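**Student:** any chance you could fold what I've pasted below:
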Amino acid sequence: ETEIIIEESLKLLEKNVNSRILDVGSGSGCIILSILKERNNCSGIGIDISKKAIKTAKLNAKIQQLNNRARFIQIDIDKFFLGKYDLVVSNPPYIKNLKIKSLDEDVKDFEPKIAIDGGIDGFNLIKKVIIRSSKLIRKNGKFVIEIGMDQGITTCKLLKANGFYVNKVIKDLSGKQRCILATKI
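**Tutor:** Numbering: from 1, shown residues only. Below you'll find the model as predicted:
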């Protein structure tokens, strides 16, 4: 599903335009690094609260020879105030914590709990990311967020309440709502 964020982001970013990108909850850096690999004039910052994830993202940037255009910072989004961005992307934890035990083993045994646990209702971090992103994104900037299959309506309401216009809800290959593309108004 995360590939959808990358595909939608690449559609939004013109090839020869300098755009600033913020990846909230960057983890290993795969989203922002994939985007930067395809858009040579762009630069970006990935933030994550996990020290281990940031260390991995920095290594991945070096391997991909993107460390001159990608920075990674270990910080909570509530404490991040650096700049205004043309594009903000995020794959925040959105799984209800009671549902984590019932996930497929390849997810629950591979992904760190901090990367999937969205709290009691699955919206703890979605809300936080939307609220802070509304301050970090420039007017008419784009926002792409991954969501759980039953979170589209509530997430759209949160986006609208925080100064975003919802452009579209994107479905995955199985027809389930997976990402939302919005514009800061």
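**Student:** only alpha carbons, please: show the helix or strand containing Ile145 as CSV.
**Tutor:** In this assignment (DSSP states H and E), Ile145 forms part of strand 137-146. Listed next in CSV are the C-alpha coordinates belonging to strand 137-146 (Å, rounded to 0.1, in the frame of the first residue of the first chain):
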residue,chain,number,x,y,z
ILE,A,137,2.7,22.8,4.5
ARG,A,138,2.6,25.9,2.3
LYS,A,139,-0.7,27.2,0.9
ASN,A,140,-1.7,25.0,-2.1
GLY,A,141,0.8,22.4,-0.9
LYS,A,142,-0.1,18.8,-1.2
PHE,A,143,-0.6,16.2,1.5
VAL,A,144,-0.6,12.5,1.0
ILE,A,145,-1.5,10.2,3.9
GLU,A,146,-2.0,6.5,4.2
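**Student:** quick one: average confidence on it?
**Tutor:** Per-residue pLDDT values over strand 137-146 give a mean of 96.
**Student:** in the chain, what secondary structure element scores lowest on mean pLDDT?
**Tutor:** For the chain, counting by mean pLDDT, DSSP states H and E, helix 105-108 ranks last in confidence among helices and strands (a mean of 58).
**Student:** which residues in this protein form strands?
**Tutor:** Secondary structure of the chain, counting by DSSP state E: strands at 20-24, 43-48, 70-74, 85-90, 137-146, 164-171, 177-184.
**Student:** give me the distance between the last one and the centre of its chain.
**Tutor:** Translated: strand 177-184. Centroid separation between strand 177-184 and its chain, computed with CA atoms, centre = their mean, to the nearest Å, is 11 Å.
**Student:** and the contacts of stretch 11-25?
**Tutor:** 9, 29, 31-32, 35-36, 39-48, 77, 83-93, 115, 125, 129, 132-133, 136-137, 142, 144, 181 (CB atoms under 8 Å, 6 or more residues apart in numbering). The way it works is simple: take the backbone N, C-alpha and C, and place the C-beta from them, glycine included.
**Student:** in stretch 16-33, what's buried?
**Tutor:** Along stretch 16-33, these residues count as buried under the neighbour rule (16 or more other CB atoms under 10 Å): 19-33.
**Student:** measure it end to end?
**Tutor:** According to CA to CA, to the nearest Å, stretch 16-33 extends 17 Å from its N-terminal end residue to its C-terminal end residue.
**Student:** avg pLDDT for it?
**Tutor:** What stretch 16-33 shows for mean pLDDT is 95.
**Student:** same question, stretch 167-178
**Tutor:** 92.
**Student:** buried residues in it?
**Tutor:** Of the residues in stretch 167-178, those buried under the neighbour-count criterion (16+ other CB under 10 Å) are Asn167, Val169, Ile170, Gln177, Arg178.
**Student:** got a pLDDT number for the residue most central in space within the chain?
**Tutor:** Against the mean C-alpha coordinate of the chain, by CA atoms, centre = their mean, the closest residue is Ser90 at 0.9 Å. At Ser90 the predicted local distance difference test score is 94.
**Student:** kind regards, and thank you for your time.
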